[in-house]
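In: after the sequence you'll find the predicted model.
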Amino acid sequence: MAKKKAADGDESKGGKGKTLAMGAVMAVGLLGGLKGFVLSGGAKAARPPGVSTTTTTKPGPIVTLDPITVNIQGDRS
């Protein structure tokens, strides 16, 4: 059966669902972009030249261990 168009111009009835869905998708995208902008921290402050923040430490003692066997199959034999 064919659908009949209303004579009084009520043709925008079927597009409300698509418009609402598109608005929801746009709102989620906008909120995601805003979240990324706010949580990114912005531009990092420039450090003055000549100031080093890296530190070096002496390595600790080297300890040798005996070989071990690990059972990864779960057999208890």
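Out: Looks like it came in fine.
In: what about this structure, any weak spots by pLDDT?
Out: 1-14, 41-53, 77 (pLDDT under 70).
In: tell me which stretches of this structure form helices.
Out: 16-39 (DSSP state H).
In: buried residues in stretch 61-75?
Out: Across stretch 61-75, burial judged by 16 or more other C-beta atoms under 10 Å covers no residue at all. All C-beta spots, glycine's among them, are computed from the backbone N, C-alpha and C.
In: burial measure for S40, as a count.
Out: 8 (other C-beta atoms under 10 Å).
In: if I look at it, how far off is G33?
Out: Using C-beta to C-beta, to the nearest Å, we find S40 at a distance of 11 Å from G33.
In: for V63, same thing?
Out: Where G33 is concerned, V63 sits at a distance of 51 Å (C-beta to C-beta).
In: before we move on, what about T64?
Out: 54 Å.
In: again with K16
Out: Here the criterion is C-beta to C-beta. By it, K16 lies 26 Å from G33.
In: go on, T69?
Out: Taking C-beta to C-beta, one finds T69 at 53 Å from G33.
In: likewise I68?
Out: Distance from I68 to G33, by C-beta to C-beta: 51 Å.
In: do the same with V25
Out: To G33, V25 is 13 Å away according to C-beta to C-beta.
In: and for G23?
Out: Applying C-beta to C-beta to G23 and G33 gives a distance of 16 Å.
In: what of R76?
Out: Applying C-beta to C-beta to R76 and G33 gives a distance of 55 Å.
In: more neighbours, those two?
Out: Counted by other C-beta under 10 Å, R76 and G33 do not tie: G33 has more neighbours, with 10 against 5.
In: tell me how many other residues surround M22.
Out: M22, neighbours per other C-beta under 10 Å, totals 11.
In: for it, list the residues it contacts.
Out: Going by C-beta atoms under 8 Å, 6 or more residues apart in numbering, M22 touches no other residue.
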